[in-house]
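Undergrad: Okay, here's the prediction I keep looking at, along with the sequence it came from:
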Number of protein chains: 2
Amino acid sequence: SGGNGFSCKAWIWDVWEFCKEDSNRVLFSFKVGLAVLLVSLLILFEAPYVVFGTNIIWSILTVAIMFEYTVGATFNRGFNRALGSLLAGILAIIVAQFAIRAGRIAEPFIIGASIFLIGTLTSFIKQWPSFVPYEYGFRVVLFTFCLIIVSGYRVGNPIKTSMDRLYSIAIGGFVAVFVNVLVFPMWAGEQLHQELVKGFNAVADSLEECVKKYLEDEESEHPEFTKNVMDDFPDEPAYKKCRTTLNSAAKLESLAGAAKWEPPHGRFRHFFYPWSEYVKVGAVLRYCAYEVMALHGVLHSEIQAPYNLRSTFGSEIREAANQAAKLVKSLGEDIRVMKRSQKNPLIKKVHSSTEKLQRAIDTHSYLLTSISETPDTFSRPSLPSKLSLSLSSTPYDFSSQLANLDSNNQEKDSNPTTQNIPLGTLPLPRTESYHETMRKHSRRLHSWPSREVDAFEEEGSSNTDLLPRMAALESTAALSLATFTSLLIEFVARVDHLVEVVDKLSKMAKFKHEVS
Amino acid sequence: SGGNGFSCKAWIWDVWEFCKEDSNRVLFSFKVGLAVLLVSLLILFEAPYVVFGTNIIWSILTVAIMFEYTVGATFNRGFNRALGSLLAGILAIIVAQFAIRAGRIAEPFIIGASIFLIGTLTSFIKQWPSFVPYEYGFRVVLFTFCLIIVSGYRVGNPIKTSMDRLYSIAIGGFVAVFVNVLVFPMWAGEQLHQELVKGFNAVADSLEECVKKYLEDEESEHPEFTKNVMDDFPDEPAYKKCRTTLNSAAKLESLAGAAKWEPPHGRFRHFFYPWSEYVKVGAVLRYCAYEVMALHGVLHSEIQAPYNLRSTFGSEIREAANQAAKLVKSLGEDIRVMKRSQKNPLIKKVHSSTEKLQRAIDTHSYLLTSISETPDTFSRPSLPSKLSLSLSSTPYDFSSQLANLDSNNQEKDSNPTTQNIPLGTLPLPRTESYHETMRKHSRRLHSWPSREVDAFEEEGSSNTDLLPRMAALESTAALSLATFTSLLIEFVARVDHLVEVVDKLSKMAKFKHEVS
C-alpha cells in the first residue's frame, strides 16, 4: 500500500496545484454551494415554505442551471431564463384558456397540438444564425410551456400554476445573481482584458523564440521529430501559447458576449465599454500570429538555408524581430495598465530595423540564389523561351562567390587581396567542400514533415505501400532565408495594423494618456 | 404597406432558403415536436397518468433538455443525465436516511450542510480538465440531489420520491432516444465525415484561387481594400471557406466526441470506428491551410513582385499548385466515397511539377534579386564586414539583365543576337522605364495593411496623432516571388504528410481497395 499511499499523495498534490493555479476555481465552487444553500433554506425553514409551497423547488432548479462562472454569463443565462419563462407562461395561459373554452373533449387535442407546434417552432427558430446564442432560452420556452400547460390540465387553474412557477423561478434567479455579484464577483470583462494581454505576450514571445532558434547553430540539440505528434515541440513553450492564441477566437467572443451584460465595474468604469473592440484587436493579433506560424513552418521545414548564410544576416534579423516583439509587448502592456503612451519612437525603431534588414537582404541578395551546383543528375528543365538568354554564366559566378564567402568566413578577412577582383575572375577554391558541408547539414535537419533527401534516388523501388516522397532541391535552400525574412517583414507590416486597432481601442475605451 | 408586404415576402424567402440549404433543420424541428408530444400523451391520457402521477412532468423536462441534433450528442446527454440522476438519487437516499436518524432538530442542519457540500464539490470537480466534457452531468447531480432531498424532507419518504423521479426521467430519456434514433436519425459520424471532406475541397479551392489571383494581370479589377473589414475579400469565396476550415477544430472534435457514442450505422459498419483519426487528419489539413493563409498574405501584401516576373514563372507555379490541389481534392474524394485508390501516380506528378518549379526558380534565381537600383536617397547600410567584398559589381549586372529580360519579353525573341553575349557586357537599354513601370504597379497594388509607398519621404511631418508607417523597399519586391514559391513548396511538403495520415485513416477505417 506504499505505492497506493504515494499515488494518493500525488493526487492531493495535483488538486492543490490545480487550486493554486487559479484560486477563483475554489471561490466559484463555494459560491455555488452558498447559492444552493440559500435557496434551500426557503424550504428548510417553515415560514417561507408555508408561503410558497412545493413550487419553491423550481428555484433550486433555476439556481443550479443559471449559475455560471462570470457575472455576465449569469446575467445572460438569467435573461434567457426569465424571458423564456415569461414568454412560455403567457403562451401557456392563452392556449389553456382557449382549450378550456373548446370543451372537455377537444381540450387534450388542442393541448397536444400546441405542444407539438411549440416544440417544432422553438427548435426551428433556435437554429437561425442570429438566434443561436439564445439556444438555452428556446429550451426554457419549450419545457416551461409544456410543464405549465400539462400540469394546468391535470391540476386545473393554469394561471395560478404559471404564476407560482414564475415566482419561484424569479426567486431562484434573484439568489443566483445576488450571490454571483456580491460574493467575490468574477467579471467576464476583466477576464477578456487579461486574455487579450496574454495573447500579445504569447505572440511576441513566440516570435522571439522562433527567430532565436532559427539563428541557432545546428550543432545544438534538436529534439527527435516524431511524425504523429507533429504539433508538439517540447522545447518551444511560447509556440504552444501562440497556437492557443490562434484558437482563442471563440473564447474572446464568448467573453465579450458575456461582458456586454455586465454593469460598469472595477477598472471599466463607463457605460457601453467597447468590448467588441477587444474582439477586433484579437482578430488582428491573430493575423500577426498566422505569420509567426508561417515563420515556425520555415524553421521546421527541411529545405534550410545553411547556417553560415543565416548567421550572415543574423544580427539584422534578430534586431528586427526583437524590436517588433518589443513593440507588440509594449502594446500589450499599454492595454494591461489601460494607458495610452507615445508609441512613435518604438514604431520608428521597428521600421528602421526592418528597413535595415530589407536593405541588407537587398544588397546581398545574390547570396540567396547562388548555391546552385549545375545538376548533373537532372536534365535541365525546359526553360521559358523568353528567359533562355543570359543564363549560361550565372551558376558559375555565384557558386564561386559563395565559396569565396565561405572560405572568407573561416579565414576571417585574412585574404584582403581578393577584395577588388572583378566578378567572374575569382578562383573556385573550396566549392566542393562547401557543398559537402551543406549537404551534411541538410541531412541532419529535422523537418516537417520528415522527408528523405535521398528519396529521389530511390525512386526505382516499386513497393506500392510506400508513398513516394518529394525530393528537396538543396540548391534553392538559400531562398528559404528570403522566405523567412519576407515573412518577418510581413509580420512587421501587420503589427502596423495592430498598432492602429490598439490605438482605436484605447481611444474608445478612454485609456489614460500617459504624461511623458 | 407595400414596402411592408415586400419585406414580409423577403422574410418568407429567407426562411425558405434557410430550410432548403439544409432540410435536416426542418426534420430536427419536427422530431423535437414529436418527442415532446409523445411524452405529453403520458399525462394527457388517463391511464398512464394514474400509474405515474404528477412526477411524470419530469419526463417532459428530460426530453426538452436531452434532445440534441445528432444521435451521438443525444446519447451523450442521456448518459450524463442518467448517471447524474442515479448518483444524485443514491447520495440523496444515504444522506436522508442519515438525517432522519439524527433526529428532528439536527435533520435540517444535516440537509443544509449536505446541499452546500454537494454544490461545492460538483462545481469544483466539473472544472477539472478531464471532467469538463461532463459539465452537464455535474449540474444534473446537483439539482437532482437538491430536489430529492428537499422534497423528501417536506413530503417524507425520500426513497419513493427518488424512485418516482428516476422512473419518469428514464421514460423521458427513452422517448428522446427512441425518436432521435428511429425517426430520420442524424448521425454525428456522417456529419464529421462530410465536414472533413468539405475541408479538403475548401483548402484545394482556396489554393487554386490564391494562385490564380497571384498570376493575374494587375490591370484586372482589385476590390478597394478597406482596413476595418480586413478579412473580407468578397471576390474570394474559397478563401472564406478555407478560413472556416482553420476554425473547424472545435467542431470536428465535438462531432468526433459525439460520434464515439453512436452504434455502427450506415456506411460506418464496424465497431470502434476510428473517429479520432478524423480529428487528426483535420489537424494536418489545418496545417496545410496555414500555408494557404500565408500564401494569401503574400498575395495581399504591398511588396509585390512585378507582373512580368510573376508571369515568367507563371506556368510552373500554376502547374505545381493545380497538381497539388488536384491531389488534395482526390484525397478528399477518396474519403468521401470511402475507398483506397492508388495515389502514387498523382503524387509523383505533384512532386515532379514542384521539382520543376524548384528548378526553374533555381536556374533563374538571379532574377529574383536583381531589381536593385542603387538607392541614392538612402545611405548604404553598414555591411557585415565579412561580406564587404565582391559587392560593387552586382547591382549593375542584375538590373541590366532584367532590363534585357523585360525588353525581350515585349519583343518576343525578336532579338536572338543577344543570346550569347557574356554577362556584364550587355547594354542598358530600358532600365529606367522598367523601374518606372514597376513603381507604378507597386503603387496601384492594394495591400494588407495598406501602406503608403511614399511614407518614408514624409517622415519629417511631426503630427503625433498620425502613426508612422513602414517604408517598403521596392528593390526587394522580387523576393516576394521567392516567398510565394517557398510557401507553395512547403504546402506540397505538408500535403505529403496529409497523404500519410489519410492513408492511415483509410487503413484503420477499412476503406475498400479500388480495383484498378
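TA: Sure thing, it's come through. Numbering: from 1, shown residues only, chains lettered A, B, ... in the order given.
Undergrad: Pretty sure residue A:140 sits against residue A:79.
TA: No - judged on CB atoms under 8 Å, residue A:140 makes no contact with residue A:79 at a distance of 10.6 Å. Where you see a C-beta, it was placed from the backbone N, CA and C, and this is true even at glycine.
Undergrad: what touches both of these two?
TA: Common contacts of residue A:140 and residue A:79 (CB atoms under 8 Å, 6 or more residues apart in numbering or on different chains): none found.
Undergrad: More neighbours: those two, which one.
TA: For residue A:140 and residue A:79, the more surrounded residue by other CB atoms under 10 Å in any protein chain shown is residue A:140, and the numbers stand at 27 against 16.
Undergrad: same for the host helix or strand of the more buried one, what does it pack against?
TA: Using DSSP states H and E, residue A:140 sits within helix A:135-155. Secondary-structure packing of helix A:135-155 (3 or more CB pairs under 8 Å, 6 or more residues apart in numbering or on different chains; DSSP states H and E): helix A:71-101, helix A:106-125, helix A:158-182, helix B:24-44, helix B:57-66.
Undergrad: which sections of chain A are below the confidence cut-off?
TA: A:1-6, A:217-234, A:302-303, A:365-477, A:515-516 (pLDDT under 70).
Undergrad: which parts of the stretch 101-250 of chain A sit against chain B?
TA: A:108, A:111-112, A:115-124, A:127-128, A:139, A:142-143, A:146-147, A:150-151, A:153-155, A:227-228, A:230-231, A:246-247, A:249-250 (CB under 8 Å from any CB of the partner chain).
Undergrad: Try it again at 7 Å.
TA: Those residues of the stretch 101-250 of chain A that sit near chain B, judged by CB under 7 Å from any CB of the partner chain, are A:108, A:111-112, A:115-117, A:119-120, A:123-124, A:127-128, A:139, A:142-143, A:146-147, A:150-151, A:153-154, A:231, A:247, A:249-250.
Undergrad: Quick one, which of these are buried?
TA: By neighbour count, with 16 or more other CB atoms under 10 Å in any protein chain shown, these hold A:108, A:111-112, A:115-116, A:119-120, A:123-124, A:127, A:139, A:142-143, A:146-147, A:150-151, A:153, A:249 as buried.
Undergrad: Name the residues that touch the helix or strand residue A:334 falls within?
TA: Assigned by DSSP H and E, residue A:334 falls within helix A:314-337. Applying CB atoms under 7 Å, 6 or more residues apart in numbering or on different chains, the external contacts of helix A:314-337 come out as A:196-197, A:200-201, A:203-204, A:207-208, A:211, A:215, A:340-341, A:346-347, A:349-350, A:353-354, A:356-357, A:360, A:485, A:488, A:491-492, A:495, A:498-499, A:502, A:506.
Undergrad: just to revisit the earlier point, pick the most buried one from the helices and strands packed on helix A:135-155.
TA: Of all the helices and strands packed on helix A:135-155, helix B:57-66 has the most neighbours on average by mean count of other CB atoms under 10 Å in any protein chain shown, namely a mean of 25.
Undergrad: ok, back up a step: identify all contacting residues around the helix holding residue A:140.
TA: By CB under 7 Å, 6+ apart, helix A:135-155 touches A:77, A:80-81, A:83-85, A:87-89, A:91-92, A:95-96, A:111, A:114-115, A:118-119, A:122, A:125-126, A:158, A:161-162, A:165, B:36, B:40, B:43-44, B:49, B:54, B:57, B:60-61, B:64-65.
Undergrad: need the contact list for residue A:76.
TA: Residue A:76 neighbours (CB under 7 Å, 6+ apart): A:258, A:261.
Undergrad: go with 8 Å
TA: Residues in contact with residue A:76 (CB under 8 Å, 6+ apart) are A:68, A:257-258, A:261.
Undergrad: Same question for residue A:59.
TA: A:39, A:42, A:168-169, A:171-172, A:175.
Undergrad: excluding its backbone neighbours, what's nearest it?
TA: Nearest residue to residue A:59 in three dimensions, chain neighbours excluded: residue A:172, at 3.2 Å (CB to CB, 6 or more residues apart in numbering or on different chains).
Undergrad: in terms of contact, does the one you found touch residue A:66 like I think?
TA: Yes - with contacts counted by CB under 8 Å, residue A:172 reaches residue A:66, the gap being 7.0 Å.
Undergrad: Tell me, how many residues neighbour residue A:11?
TA: There are 10 residues near residue A:11, going by other CB under 10 Å.
Undergrad: State the distance from it to residue B:113.
TA: Applying CB to CB, to the nearest Å, the value for residue A:11 to residue B:113 is 25 Å.
Undergrad: give the contact list for residue A:514.
TA: A:339-342.
Undergrad: Which ones, among these, also lie beside chain B?
TA: Of the contacts of residue A:514, the ones that also sit near chain B (CB under 8 Å from any CB) are residue A:342.
Undergrad: Any chance of TSV for the contacts of residue A:514, columns distance to residue A:295, neighbour count and secondary structure?
TA: Output for the contacts of residue A:514, formatted as TSV (distance: CB to CB, whole Å; neighbours: other CB atoms under 10 Å in any protein chain shown; DSSP: H, G, I helix; E, B strand; the rest coil):
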residue	distance to residue A:295	neighbour count	secondary structure
A:339	30	14	strand
A:340	30	17	strand
A:341	28	19	coil
A:342	29	11	coil
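Undergrad: which one of the contacts of residue A:514 sits closest to residue B:477?
TA: The closest of these to residue B:477 turns out to be residue A:342 (CB to CB; 32.0 Å).
Undergrad: Look up the closest residue to residue A:506, ignoring the ones flanking it.
TA: Nearest to residue A:506 is residue A:340, by CB to CB, 6+ apart, at 4.6 Å.
Undergrad: Relative to chain B, how far out is the one you found?
TA: According to CB to the nearest CB, to the nearest Å, residue A:340 stands 11 Å off from chain B.
Undergrad: Thanks a lot, catch you later.
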